[in-house]
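>>> next comes the sequence, and after it the predicted model I'd like to discuss.
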Amino acid sequence: MITTSPTRAASGEIDLQVESRVRQYLGDDGYAQALAPLDQPCGLPNSAFWSEDWLALEQERIFRRNWIFAAADGELDGPGAMKPLEVAGTPLFLVKGRDGKVRAFHNVCRHRGTQLVTAPCRQATITCPYHAWSYDLQGQLRRRPHFNGPDQHEAVAPGEAPELYLYAIRCESWNGCHFVDLSGTAAPLADWLAPLMARTRAYDLTPIRWIGKKSYRIKSNWKLVLENYMEGYHVFAAHPRLIAHAPMNVRWSGEWIGHVFYNDYVAPQVTVGRGDALPHFPGLTPEDTRRGLWFACLPNFAVEVYADQFVVLAPFPYGPDETLEELHFFVIGDEAAQGSRYAVARQELMDMWHDLNLEDVSLLERLQQGRRSPAFDGARLSPAWDGPVRELSQQVLQSILRP
Ligand code: FES
Ligand SMILES: [Fe+2]
């Protein structure tokens, strides 16, 4: 039985009703395990990786109340380009307007609730396939065929029927990345990104250019995807090419800065796919030219930066044991993104990441399966490497319990 809660002590205030749900889903022993110090078996218990109820709580309290990376601007190639997505169990889509602005809407027709967009596409209007109600790219209803009887079509002037507009979702952009906030009340995007900006002051991020993405459906919980992204302990055992680039003796555990995890190293040299062939950020020191740094802004905006690239890893929970993971690749400047002389280097960069990611996917799926075992009663963590992994459990709990 827990008598005190470090989470409560750390955050000052918690939502007591939500805490009773946390206790219900985790059990008192599981809650205590989640809060246990590093030198004891610790971390969120198995139910936090397999329970639908727990995932629903995470969706409601974390994914619906924070900024969520939703798309790269490069995916929305021109006016009318659309990308459907599920965030916090909620179907939504992003669409680029004729004004170049990207907007997000709930992915549901106002007539009888049909899902409007099922695949990335580009169209002049948002037209429902069921009875052809049609909305403009700003989500305003514009046409209802046969609505008033046979051949009695209704045209709606811009601004005329706001009660029938698509429901908009708060959406903001930063350097070619689009984020959504389902609550509409999250702190300003710039505040949320501030720890990342503080650690990348040496980098002018404005010239990053999107060159493509890869998507993976991983049979693993989203928290395991993030933990694995954060920790460098497994690199020597799992990633032969990465360890050849940066050995264990240049690595450290990383640290949390508020809701943002940070880690970095300086490699002995640049290598294929990491700094050797593509243009670099302007004005880097020789040391930064060999530096790799990475972030994880809770819950789904993880970023890895090398001298010649900016790579986003975005996990989206689709079930307790299923995560959609998107990898987005950015290089530095228009010539790097489009020049034919860099075509091979661009492909090498994306191939390198794909190979690396597949090395992780099989481990993530085994981690998930391991959490079905009642014999797994908390992690025995390395004090040298795993402190931030333990803290992810605390971060998740704090985010859930925050009033
Ligand atoms: S449900 Fe969309 S037009 Fe009828
Ligand atoms: Fe890995």
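Right, received. Where do you want to start? Ligands and ions are numbered 1, 2, ... in the order given.
>>> how about the contacts made by the residue in the stretch 251-400 of the chain positioned nearest to ligand 1?
In the stretch 251-400 of the chain, the residue that lies nearest ligand 1 is Tyr318 (24.7 Å; CB to the nearest ligand atom). Just so you know, the C-beta spots here come from the backbone N, C-alpha and C atoms, and that holds for glycine as well. Counting by CB atoms under 8 Å, 6 or more residues apart in numbering, Tyr318 touches Glu86, Arg217, Leu324.
>>> just the element for it, please.
Here Tyr318, judged by DSSP states H and E, is contained in strand 309-319.
>>> buried stuff in that strand?
For strand 309-319, burial by neighbour count (16 or more other CB atoms under 10 Å) applies to Gln309, Phe310, Val311, Val312, Leu313, Ala314, Pro315, Phe316, Pro317.
>>> domain parsing for this protein?
1-65+381-403, 69-173, 186-372 (automatic domain parsing).
>>> what residues does the protein have near ligand 1?
Cys109, His111, Arg112, Thr114, Cys128, Tyr130, His131, Trp133 (CB under 6 Å from any ligand atom).
>>> show me the helices in the chain, by range?
Assigned by DSSP state H, the chain shows helices spanning 6-11, 16-35, 47-50, 52-58, 189-199, 222-230, 235-238, 240-245, 286-289, 334-338, 343-370, 387-401.
>>> which residues does Thr127 bridge with?
With DSSP bridges as the criterion, Thr127 is bridged to Ser134.
>>> please renumber so the chain begins at 12
New numbering, starting at 12: the last item is Thr138.
>>> now that we're looking at it, what pLDDT does it have?
Note on Thr138: pLDDT of 98.
>>> for Arg153, see how far away it is.
Note on Thr138: its distance to Arg153, by CB to CB, to the nearest Å, is 10 Å.
>>> so between those two, which is more surrounded?
Arg153 (20 against 17; other CB atoms under 10 Å).
>>> I'd guessed the more buried one sits against Ala166; true?
Yes: proximity of Arg153 to Ala166 meets the contact threshold set by CB atoms under 8 Å, at 7.0 Å.
>>> what about stretch 308-328, distance to the chain center?
A distance of 7 Å separates the centroid of the chain from that of stretch 308-328, by CA atoms, centre = their mean, to the nearest Å.
>>> now do the phi/psi pair for the most centrally placed residue in the chain.
Taking CA atoms, centre = their mean, the centroid of the chain lies closest to Asn311, which sits 2.5 Å from it. Main-chain dihedrals, Asn311, degrees, to the nearest 10: phi -140, psi 20.
>>> list the contacts for it?
Listed by CB under 8 Å, 6+ apart, the contact partners of Asn311 are Phe74, Ile79, Phe80, Trp233, Ala325, Pro326, Phe327.
>>> one more pass at 6 Å, please.
Residues near Asn311 by CB atoms under 6 Å, 6 or more residues apart in numbering: Ile79, Phe80, Ala325, Pro326.
>>> now distance to Ala92 and pLDDT too, for those, in CSV please.
Listed next are these as CSV, based on distance: CB to CB, whole Å; pLDDT from 0 to 100:
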residue, distance to Ala92, pLDDT
Ile79, 19, 98
Phe80, 17, 98
Ala325, 18, 98
Pro326, 23, 98
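>>> of those, closest to Asp215?
Using CB to CB, Phe80 is the member of these that sits closest to Asp215, with 20.9 Å.
>>> before we move on, back to that, just among the residues of the chain next to ligand 1, which is most surrounded?
For these, the largest number of neighbours (other CB under 10 Å) sits with Trp144, at 24 neighbours.
>>> no further queries at this time; thank you.
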